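Provided below are the primary sequence and the corresponding predicted coordinates.
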Amino acid sequence: MPGRSAGTKEKQDTMEKIRLGISLYPEQESREDIERYLKTASEHGFTKVFTSLFSVEGTKEELVHYFRELTDLAHKYGMVVSGDCNGELFRRLGAKADDLSVFQDMGLDILRMDGPFKDERDVILVNNKDGLKIEFNASMSDLTKGIIEAGGNPDNILTCHNFYPQRYTCPSLEAVDATNDALKKQGISTAMFLSSQVPGTHGPWPVSDGLPTVEEHRDIPVESQLKHMMAMNNVTEAIFGNAFASDEEFGVISETMQQAYPKMESLDAVDPFFGDIIRDWLPDGQIRRIPLKLHLEPGLSQNEKDAVFNFNYHVDLGDCLNYMLRSRLGRMLYKGRDFTPRVCEREKFVKGDVVLVNDNCKHYAGEVQVVMKDMKNDGQRNLLGHIDENELMILDEIGAGDIYGFVEV
């Protein structure tokens, strides 16, 4: 479980929102479809376009004109453009590490180097005078470290993982997570690819099995992919790799962003003693809260529902990260309420079950817990529901001090 920490941690810092992007492959798309897609993406808070420069044939002049049209459209909708290139394209266009004017003529904001030069030219690229950010393949965290040590301006460095059209070719989640952590320590932005679930979507090549960065994301809903990236706490940008994502997918992404980055409600109505305790752990202002899909059991009392949903800022303080994610703060707000035991015939609770301590253990009654390991059903907990199966892996990323909430489905 790469993202969890057994130690306690001070209250969560306010979080910068994960940025959103789309991909376009204009050699396969009409101008009308591209503009419609850009407009929809912009309306839903997307701010970046990824495109492949080396998948298009043509002369230097044709390519400059071709991509200038795309970047002008993207800029019209307030979006920056990252163009994916390699050494062969440099040679085709007559570009050099110290002369990126051809990419500037295309209107690019970011130049993604699918393969770096692996010599002093990478430092020259990063320190370019053409106003371009340089985005390296994120699988090469040692490269960016070396560039910075050699005098490269870290403010000009971004990274972006690959996408993988062919099934079962993605790197392991553990490897990606470790790379992201290394880049985060360097202060470098990291992007991963979302995979639209719309049948028949395309990328630069004639394969239609999605375009994720990790295999775990290939076949699950886009909002679950995004929430997992948020919970990893080392992903700066999430970009649709395949086109075109549906209007419905844009809608659920936008809804997820609203759920994940709320403003803390006022705690003025809370008992002052408990309010001070809660303030010690939950920051004022904007926070990041992972919204987990919860399938409820039938017959829940109103008090049980209140404990889950009314105070929807659940957090494990860190000292009990073993059998459960233990949300203790909420029970302080509902002290004295009735949490009558309900019969559950199951012998044990399993990972993803959401339970609530009942009045058979009165001191802790009202405490909401997410099961991480099999736990014997000893009659002290009521079964409230179960985390959606597509989001169970998110639980592995939630650590001490991470805030999460529940969304009924």
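Received it, and whenever you're ready, just let me know what you need. Keep in mind that this is a model prediction, so the values were computed, not measured.

quick one: R288 and A231 touch, right?
No: judged on C-beta atoms under 8 Å, R288 makes no contact with A231 at a distance of 9.0 Å. Placement of C-beta: from N, CA and C, glycine included.

so between those two, which is more surrounded?
A231 (24 against 21; other C-beta atoms under 10 Å).

before we move on, what SS does that one have?
helix (DSSP: H, G, I helix; E, B strand; the rest coil).

so for the residue lying closest to it once chain neighbours are set aside, what's the pLDDT?
Leaving aside its sequence neighbours, A231 sits nearest to E397 (C-beta to C-beta, 6 or more residues apart in numbering; 3.7 Å). pLDDT for E397: 97.

how about F273?
63.

circling back: just say helix, strand or coil for the residue nearest to A231.
coil.

please begin residue numbering at 2 from this point
In the new numbering, first residue 2, that becomes E398.

could you measure from S173 over to S140?
Relative to S140, S173 is positioned 12 Å away (C-beta to C-beta, to the nearest Å).

which of those two has more neighbours?
Each of S173 and S140 has its neighbours counted (other C-beta under 10 Å); S140 has more, 16 against 11.

test my guess that the more buried one contacts H162.
Yes: with contact defined as C-beta under 8 Å, S140 counts as touching H162 (6.7 Å).

next, L293: phi, psi?
Here is the backbone geometry of L293 (degrees, to the nearest 10): phi -100, psi 130.

just the pLDDT at it, thanks.
L293 is given a pLDDT of 99.

what's the neighbour count on it?
A count of neighbours around L293, defined by other C-beta under 10 Å, yields 26.

show me where the stretch 152-301 of the chain has helices.
Counting by DSSP state H, counting those that start in this stretch, one finds helices in the stretch 152-301 of the chain at the ranges 174-187, 223-233, 248-261, 273-282.

tell me which of these is the most buried.
Of all those, helix 223-233 has the most neighbours on average by mean count of other C-beta atoms under 10 Å, namely a mean of 24.

neighbours of the closest residue in space to A96 that isn't next to it in sequence, how many?
Residue nearest to A96 in three dimensions, not counting chain neighbours: V103, with 5.1 Å by C-beta to C-beta, 6+ apart. Counted with other C-beta under 10 Å, residues neighbouring V103 total 20.

quick check: V103 touching K97?
No: with contacts counted by C-beta under 8 Å, V103 stays clear of K97, the gap being 9.6 Å.

neighbouring contacts of the longest helix belonging to the chain?
Taking DSSP state H as the criterion, the chain has its longest helix at helix 61-77. Outside helix 61-77, the residues that touch it by C-beta atoms under 8 Å, 6 or more residues apart in numbering are 25, 27, 32, 35-36, 39, 50, 52, 54, 57, 59, 81-82, 84, 93-95, 103, 106-110.

with stretch 202-215 instead?
Contacts to stretch 202-215, defined as C-beta under 8 Å, 6+ apart, come from residues 24, 26, 29, 53, 56, 162-168, 171-174, 177, 193-198, 200-201, 219-220, 226, 242-246.

list the contacts for the residue nearest to V127 when sequence neighbours are not counted?
In this structure, V127 finds its nearest non-sequential neighbour in G153, 3.9 Å apart by C-beta to C-beta, 6+ apart. By C-beta under 8 Å, 6+ apart, the residues touching G153 are D123, V124, V127, N128.

give the contact list for the last one.
Counting by C-beta under 8 Å, 6+ apart, N128 touches G152, G153, N154, N157.

now the closest residue in space to the last one that isn't next to it in sequence: phi and psi?
Same thing as N157. Take N157 and drop its neighbours on the chain: the residue closest to it by C-beta to C-beta, 6+ apart is V127, 5.0 Å away. Dihedral angles of V127 (phi, psi; degrees, to the nearest 10) stand at phi -60, psi -30.

surely V127 and I158 touch.
Yes: using C-beta under 8 Å, V127 is in contact with I158, at 5.8 Å.

where do the contact lists of the two overlap?
Common neighbours of V127 and I158 are listed as I135, I148 (criterion: C-beta under 8 Å, 6+ apart).

what is the least confident helix or strand in this protein?
When the helices and strands of the chain are scored by mean pLDDT, DSSP states H and E, helix 273-282 comes last with a mean of 66.

any idea how far D281 is from the closest residue in space to K336 that isn't next to it in sequence?
Closest residue to K336 apart from its sequence neighbours, by C-beta to C-beta, 6+ apart: G367 at 7.0 Å. For G367, the distance to D281 (C-beta to C-beta) stands at 20 Å.

circling back: mind listing what the residue nearest to K336 touches?
So G367 contacts N304, A308, G331, R332, Y335, K336, R338, F340, L357, V358 (C-beta under 8 Å, 6+ apart).

report pLDDT for it.
96.

and if you look at L385?
Note on L385: pLDDT of 99.

same question, V355
If you check V355, the pLDDT there is 99.

in what helix or strand does it lie?
strand 354-358 (DSSP states H and E).

immediately after that strand, which helix or strand?
Sequence order places strand 369-372 as the next helix or strand after strand 354-358, per DSSP H and E.

for the spatially most central residue of the chain, give its distance to E217.
With distances taken as C-alpha atoms, centre = their mean, M230 lies nearest the centre of the chain, 2.7 Å away. From M230 across to E217, the span is 11 Å (C-beta to C-beta).

just to revisit the earlier point, let me know which of the helices of the stretch 152-301 of the chain is the nearest to N378.
In terms of C-beta to C-beta, the element of those nearest to N378 is helix 223-233, at 27.6 Å.

distance between the closest one and the chain's centre?
4 Å (C-alpha atoms, centre = their mean, to the nearest Å).

try stretch 205-222
Mean-position distance between stretch 205-222 and its chain equals 16 Å (C-alpha atoms, centre = their mean).

next one: stretch 100-108
Computed by C-alpha atoms, centre = their mean, the separation of stretch 100-108 from the middle of its chain amounts to 31 Å.

what mean pLDDT does it have?
Mean predicted confidence for stretch 100-108 is 98.
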